[in-house]
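Peer 1: quick check, what structure comes out for this input:
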Amino acid sequence: MTSNLDPKDWAAFRSQAHNLLDRCITQIAEAQQHPWQSPPEDAAERYAIGRHQSEGNELSARIDEDVLPYHGGNTHPRFWGWVQGTGLASDLIAGMVGATINTNGGGRNHGANEMERAVIDWTRVKMGFPEGASGIMVAGTSQATVIALQCARLRAQGTVRSEGTQAGFTCYAADGVHNATRKAIELLGIGHNALRLIPSSDGQMGASALREQIRKDRANGLCPMAIVGTAGSVDLGGFDDLNALADIASEENVWLHVDGAFGAWTRIADAPWRSLSDGIERADSIALDFHKWMYVNYDCGLALIRDEAEHRAAFAARPAYLQGADQGLAGGDPWFCDYGIDLSRGNRALKVWCALEMFGEEAFSEAITRNCELARLMGQEVISRGMALLSPVTSNICVFSADPDQTPEAQSALNSKIALDLQLSGEAVFSTTDVNGITCLRAAIVNHRSTKEDVIAALDAVVQAKGSTG
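Peer 2: Now for the predicted structure:
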């Protein structure tokens, strides 16, 4: 008897799948011809479950017409809105293989566990962590931050898993820290009032202000739990002085966590950008993403923890139905469910492994370096066109105002309109952010397809949009 959940005709399915694969490869190969476009007004109707049930060729045709055109835009070479990676051709291979073997990577004895360990170990080496350091692949930096700060909380209070949070914990970060840190502190029951936002100076958390805040908190009977350093700030691409933070963390016996969502990958960039993340090797934990500056498909992040024993102690629990064994499928210790939140886990490592094996580490180093070079070029071109940088270009992010001669209010309105106009026209995607009270245009270049010609064309489009608005 044939299952109703298998194709009725495998030969026909094979043909349809081959045709759809060809269509997907064409769209990736011609990414420059497929910018973001607004979904159709009847998108909800098109996607409603059960109203248009299809088989075989009908489903492939619907995907071609209703799904592939309405992507998020980040595959296009002039997409610089927010920090979103582009995806790689190797992800097609990883996706097919992943769907075929349908891995649950929570544990047990199968190849996915060894592949994940290989990816973690490669990253450990790139970040300068010692042999034996631990890690776990997660959805992204937001989840990785929860993992890391749970480890920090357990170090600060060894009974936290059994008794809950008892101490008055405090955490410290620069005033522009990503919202993932606040969410993690809230989820851990510490509360965001315990997050001390330390003023920045020249884009970095102030060391003296940090020391003074820790001193005050200790004097008030509180327990400093973690310092969160930033490698690549979300708005401006800035980097904390991680060596200075590591010195303070060591002196104060406080956990040092680094939000390296994209900026940690400067560790494989060329000079001078590699030095931006100097000191990251001294952290107790790092949160980073492969789906940003390593370009692989969503979602794919990593929590990297210096001390494996602390990592395991923060999460391990083995009820009877998860008992391991010396041999067989229940073997393969350690299990990744002992190092994080999820028992049911897909094989995220497959995307990274395929990418590195297909293209090689040097290709990623070159792409990251080129992104920084393009951001620097964009800054130079902004100035040459009579526009204004609103922050120095430190790494891969360029923020600017199209008409600095106007009032802050008028600049904000103009920059917002230009961003929207260019998105709707498909010419380029900038996001916006606020700097010194001005809403500015922001390019976050984590796009391996971007070229010098794309930068020039996009800024020409900004100037043209500015003129038509004026």
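Peer 1: secondary structure element holding residue 246?
Peer 2: If you go by DSSP states H and E, residue 246 is part of helix 242-252.
Peer 1: elements contacting that helix?
Peer 2: helix 207-219, strand 223-230, strand 255-259 (3 or more Cβ pairs under 8 Å, 6 or more residues apart in numbering; DSSP states H and E). The C-beta positions use only the backbone N, C-alpha and C, and glycine is treated the same way.
Peer 1: out of these, which is the most enclosed?
Peer 2: Compared across the helices and strands packed on helix 242-252, strand 255-259 shows the largest average neighbour count, a mean of 29 (mean count of other Cβ atoms under 10 Å).
Peer 1: check which element follows that strand along the chain.
Peer 2: strand 285-289.
Peer 1: which SSE is immediately downstream of that following strand?
Peer 2: Heading C-terminal from strand 285-289 (DSSP H and E), you reach strand 301-305.
Peer 1: which residues sit against the next helix or strand after that next one?
Peer 2: Where DSSP H and E defines the elements, the next helix or strand beyond strand 301-305 is helix 308-315. Applying Cβ atoms under 8 Å, 6 or more residues apart in numbering, the external contacts of helix 308-315 come out as 132-136, 147, 150-151, 153-155, 161, 305, 334, 337-341.
Peer 1: using PDB, write down the CA coordinates of the longest helix anywhere in the chain.
Peer 2: Counting residues, the longest helix found in the chain (DSSP state H) is helix 361-384. C-alpha atoms of helix 361-384 as PDB (Å, rounded to 0.1, in the frame of the first residue of the first chain):
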ATOM      1  CA  GLU A 361      38.100  29.700   3.700                       C
ATOM      2  CA  GLU A 362      40.100  32.100   1.600                       C
ATOM      3  CA  ALA A 363      37.000  32.900  -0.500                       C
ATOM      4  CA  PHE A 364      35.100  34.000   2.600                       C
ATOM      5  CA  SER A 365      38.100  36.100   3.800                       C
ATOM      6  CA  GLU A 366      38.200  37.800   0.400                       C
ATOM      7  CA  ALA A 367      34.500  38.500   0.400                       C
ATOM      8  CA  ILE A 368      34.500  40.000   4.000                       C
ATOM      9  CA  THR A 369      37.500  42.100   3.100                       C
ATOM     10  CA  ARG A 370      35.800  43.300  -0.100                       C
ATOM     11  CA  ASN A 371      32.700  44.300   1.800                       C
ATOM     12  CA  CYS A 372      34.700  46.600   4.100                       C
ATOM     13  CA  GLU A 373      36.500  48.000   1.100                       C
ATOM     14  CA  LEU A 374      33.200  48.800  -0.600                       C
ATOM     15  CA  ALA A 375      31.900  50.500   2.600                       C
ATOM     16  CA  ARG A 376      35.000  52.700   2.600                       C
ATOM     17  CA  LEU A 377      34.500  53.400  -1.100                       C
ATOM     18  CA  MET A 378      30.900  54.300  -0.500                       C
ATOM     19  CA  GLY A 379      32.000  56.800   2.200                       C
ATOM     20  CA  GLN A 380      34.400  58.400  -0.200                       C
ATOM     21  CA  GLU A 381      31.800  58.600  -2.900                       C
ATOM     22  CA  VAL A 382      29.200  60.100  -0.500                       C
ATOM     23  CA  ILE A 383      31.600  63.000   0.300                       C
ATOM     24  CA  SER A 384      32.500  63.500  -3.400                       C
END
